[in-house]
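Q: build me a model from this:
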Amino acid sequence: MKNRGHLLTEQNNPNSQNLDELSTLEMVDVFNREDQRTVDAIAQARTHLAQAINLAAAAMREGGRLFYVGAGTSGRLGVLDAAECPPTFCTPPEMVQGILAGGAAALLRSSEALEDEAEGGAAAIMDHKVTKRDVVVGITAGGTTPYVHGALKAAQQCGASTVFIACVPADQVPVTVDVDIRLIVGPEVLAGSTRLKAGTVTKLALNILSTGVMVKLGKVYGNRMVDVAVTNIKLRDRAIRILCDLTELDREQASELLDNSDLQVKVALLMNLAGLEKQQQQQH
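A: Below you'll find the model as predicted:
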């Protein structure tokens, strides 16, 4: 077994060495100060994040899919981001998918041992029938998770584009991928617990990645989610407000237009702007 103590995510944080001696307020302040580093890490990775957005958007325009692969917290964050795309952008569930070591059961109960199985990651890629049109994002805070590396290797053998997201410097864990994103937040407040800063910065990065891709795919007008899936009262209200803000309609008119468009905000906007009925708009 290799000693992983040299990895940045495993090192001891000098700013929290007396964590168990602090008052509750002092402890919160330490967490807050350390969490500031997550935003700085995103700024340092901005170029690579932009490259990943462009890569994924180009692939998905050609019918490709975006896969997140991870174990533990990293994998759960990938599943979360994938699950949020259909309601936010009205994407089909297969368009953005999360692959978690241990499957759905690992969302509720930790299956950490499975992250050591590189063959499990490779098998998952085969099970999802990944092709050269797809993009596979491997997420591993400490950079060494065999499950993720197995998945990335298998994805490359399938001809897919690959992205790596880790919270350790490239010289500690070098990889060969199309886009290498390093989110350097330093040692954790609780040494080695990468569900903290590493988890937070990973969530930020995935938010930027998936949202950026959807903007590129035309699912946003201005800064409005015009492809929102209207599946509950809150989202219906949001859809009506979007229509009111982007047209001269009042709420009653916007509500009627939304119904006439089969609850498709983008279609409703085009119907209003062009003065077309839904059937006519779908022909254009």
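Q: all contacts plus neighbour counts: C-alpha atoms, from now on.
A: Fine.
Q: mind listing what Val228 touches?
A: When the contact criterion is CA atoms under 8 Å, 6 or more residues apart in numbering, the partners of Val228 are 87-90, 235, 239, 264-265.
Q: what values do phi and psi take at it?
A: Main-chain torsions, Val228, degrees, to the nearest 10: phi -60, psi 140.
Q: now Gln97
A: Its backbone dihedrals place Gln97 at phi -130, psi 140, with angles given as degrees, to the nearest 10.
Q: and the contacts of Val228, which is closest to Val135?
A: Using CA to CA, Phe89 comes nearest to Val135 of the contacts of Val228, at 18.6 Å.
Q: mind splitting this structure into its structural domains?
A: By the record's domain assignment, the chain is partitioned as 8-216, 233-282 (automatic domain parsing).
Q: I'd like to know which of the contacts of Val228 are buried.
A: Among the contacts of Val228, those scoring as buried are 87-90, 239, 264-265 (criterion: 16 or more other CA atoms under 10 Å).
Q: Serialize the residues you listed to a markdown table and add fields for pLDDT, secondary structure and distance to Cys158.
A: Rendered in a markdown table, the data for the buried ones among the contacts of Val228 read as follows (pLDDT from 0 to 100; DSSP: H, G, I helix; E, B strand; the rest coil; distance: CA to CA, whole Å):
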| residue | pLDDT | secondary structure | distance to Cys158 |
| --- | --- | --- | --- |
| Pro87 | 92 | helix | 30 |
| Thr88 | 93 | helix | 30 |
| Phe89 | 94 | helix | 28 |
| Cys90 | 92 | coil | 28 |
| Ala239 | 95 | helix | 40 |
| Gln264 | 93 | coil | 36 |
| Val265 | 94 | helix | 37 |
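Q: hmm, back to that, now the domains of the chain in a markdown table, with distance to Lys2?
A: Putting those into a markdown table (distance: least, CA to CA, whole Å) gives the following:
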| stretch | distance to Lys2 |
| --- | --- |
| domain 8-216 | 11 |
| domain 233-282 | 50 |
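Q: pick the most deeply packed of these.
A: When the domains of the chain are scored by mean count of other CA atoms under 10 Å, the highest mean neighbour count falls to domain 8-216 (a mean of 19).
Q: what about that one, start to end distance?
A: Distance between the boundary residues of domain 8-216 (CA to CA, to the nearest Å) amounts to 34 Å.
Q: picking that back up, what is the nearest of the buried ones among the contacts of Val228 to Thr162?
A: Phe89 (23.2 Å).
Q: hmm, back to that, ok, which of the domains of the chain comes nearest Arg224?
A: Closest approach to Arg224 among these is made by domain 233-282 (7.0 Å; CA to CA).
Q: least confident of the domains of the chain, on average?
A: For the domains of the chain, the bottom mean pLDDT is recorded on domain 233-282, which sits at a mean of 87.
Q: for the buried ones among the contacts of Val228, which one is nearest Asn13?
A: For the buried ones among the contacts of Val228, with Asn13 as the reference and CA to CA as the criterion, the closest is Thr88, at 37.5 Å.
Q: how close does the closest one sit to Asn18?
A: Relative to Asn18, Thr88 is positioned 42 Å away (CA to CA).
Q: can you check which of the domains of the chain gets nearest to Asp227?
A: Checking the domains of the chain against Asp227 by CA to CA gives domain 8-216 as the closest, at 4.9 Å.
Q: roughly how far out does the closest one sit from the chain middle?
A: Relative to its parent chain, domain 8-216 has a centroid offset of 8 Å by CA atoms, centre = their mean, to the nearest Å.
Q: for the stretch 1-150 of the chain, which segments count as strands?
A: Applying DSSP state E, counting those that start in this stretch to the stretch 1-150 of the chain gives strands spanning 66-70, 96-100, 135-139.
Q: need the ones you listed in TSV (columns: distance to Asn12).
A: Conversion of the strands of the stretch 1-150 of the chain to TSV gives the following (distance: least, CA to CA, whole Å):
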stretch	distance to Asn12
strand 66-70	24
strand 96-100	28
strand 135-139	22
